[in-house]
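K.L.:
sharing a model prediction with you, sequence too.
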Amino acid sequence: MKNKYNFGRDTYIYNNQEGVKISKYQVMAPPQEQKNLVGLEYLMDPLPIFDNPNYKGSEKLKDKVIIITGGDSGLGRAASIAFAKEGANIVIPYYNEHKDAKETQKQIQKYGRQCLLISGDLSDPTFSKEIVKKTLNCYGKIDILVNNAGVQYQSNSLEEIDDEQFDWTMKVNVYGMFYLTKECLPHLKEGASIINLTSITAFEGDPQLIDYVTTKGAIVGFTRSLAKNLALKKIRVNAIAPGFFWTPLQPNCWEALKIPTLGANSPMGRGAMPYELAPTFVFLASEDSSYLTGQVIHVNGGEIMP
């Protein structure tokens, strides 16, 4: 790999021995990193693009109430904006990214919809009870649940993953999904939709994300089993497996110099901005996917073709 980072332009992967260009990719961001418990969108360079001005809503989700964990930033923010354009009111449980959450709320309100923000820790089962209680008090119902929140941290070996990191990653990514889904289920009616966020890494593995990949594999199994369990109740359960998207998860996980190469492995030679995944959330939330359950939708520029 040539040591250059042509931010916003094409660069190339080379055969190191022969110096032959074997593929090209587009650098989405210069080297950078964050070292927080969770990533912050307002610190990123460039800021992710979360709203596609060419996306016009058509009331696919008119007056629906959607809970989307981690909707304060990244893919969750993009999905929340698209949901709002389709006429939904949004509930966003988030950890402590208050500035990002307020900005997302502002963007949702710009489209004439309501947004309830609830800060707390998904790894604590009492927080899920709080989310459901506040949602019902505010809106009186729950139509769609999106288990989007997640954390990931780079570790070069299994030995580097201490018990605290493993426990936190499992509890946020898996336990939080389990707790909140269980609390929401009694209030979901026929036609409801549950959307879970897994990852491309669950299908191809990643040597530096062993604990994260473990959780994302668990989410696939949870999705398939719950889909069969709820099928006769006419509640659909599906998952999305994104490839590389420019979200706070990335600079908060990887060492700075890896950032410019993320997305290089896809046949399209680039990563993606969050707005490019938003229509997939809308599809799975709406009646457009009425005969789809137990599925994993892969959105990764062709890197994985199951």
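P.N.:
Done, it's in.
K.L.:
all helices for the stretch 1-150 of the chain, in order.
P.N.:
With DSSP state H, counting those that start in this stretch as the criterion, the stretch 1-150 of the chain has helices at 74-85, 98-110, 125-139.
K.L.:
now the chain, which segments are flagged as low pLDDT?
P.N.:
1-24 (pLDDT under 70).
K.L.:
contact partners of the longest helix along it?
P.N.:
Longest helix of the chain, by residue count under DSSP state H: helix 210-230. For helix 210-230, the external contacting residues (C-beta atoms under 8 Å, 6 or more residues apart in numbering) are 147, 150-153, 155, 158, 161, 165-166, 169-170, 173-174, 177-178, 181, 194, 196-199, 201-202, 205-206, 236-239, 241, 293-296. Quick note: C-beta positions are derived from backbone N, CA and C, even for glycine.
K.L.:
cool, and stretch 153-167?
P.N.:
Under C-beta under 8 Å, 6+ apart, the answer for stretch 153-167 is Thr169, Pro207, Gln208, Leu209, Ile210, Asp211, Tyr212, Cys253, Trp254, Glu255.
K.L.:
and it, how far apart are its ends?
P.N.:
12 Å (C-alpha to C-alpha, to the nearest Å).
K.L.:
for that stretch, buried residues please.
P.N.:
Tyr153, Ser155, Ile161, Phe166 (16 or more other C-beta atoms under 10 Å).
K.L.:
ok, now stretch 280-290?
P.N.:
Thr280, Phe281, Val282, Phe283, Leu284, Ala285, Ser286, Ser289.
K.L.:
what of stretch 38-50?
P.N.:
Val38, Gly39, Leu40, Glu41, Met44, Pro48, Phe50.
K.L.:
hang on, the earlier thing: among the buried residues of stretch 153-167, which ones are in helices?
P.N.:
Counting by DSSP H, those contribute Phe166 to helices.
K.L.:
rebuild the buried residues of stretch 153-167 as CSV, extending it with distance to Lys56.
P.N.:
As requested, those are exported to CSV (distance: C-beta to C-beta, whole Å):
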residue, distance to Lys56
Tyr153, 38
Ser155, 43
Ile161, 45
Phe166, 44
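K.L.:
so which of the buried residues of stretch 153-167 comes closest to Glu59?
P.N.:
Tyr153 (40.2 Å; C-beta to C-beta).
K.L.:
for the chain, what spans make up the strands?
P.N.:
Along the chain, counting by DSSP state E, strands occupy 10-15, 20-26, 65-68, 89-94, 115-119, 144-147, 193-197, 236-242, 296-299.
K.L.:
include distance to Val132 when you put those into TSV, please.
P.N.:
Below are the strands of the chain laid out as TSV (distance: least, C-beta to C-beta, whole Å):
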stretch	distance to Val132
strand 10-15	47
strand 20-26	42
strand 65-68	8
strand 89-94	9
strand 115-119	10
strand 144-147	10
strand 193-197	14
strand 236-242	18
strand 296-299	26
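K.L.:
so which of these is the most surrounded?
P.N.:
Comparing those by mean neighbour count (mean count of other C-beta atoms under 10 Å), strand 144-147 ranks first with a mean of 28.
K.L.:
and it, which strands flank it?
P.N.:
Using DSSP bridges, strand 144-147 pairs in its sheet with strand 65-68 (parallel), strand 193-197 (parallel).
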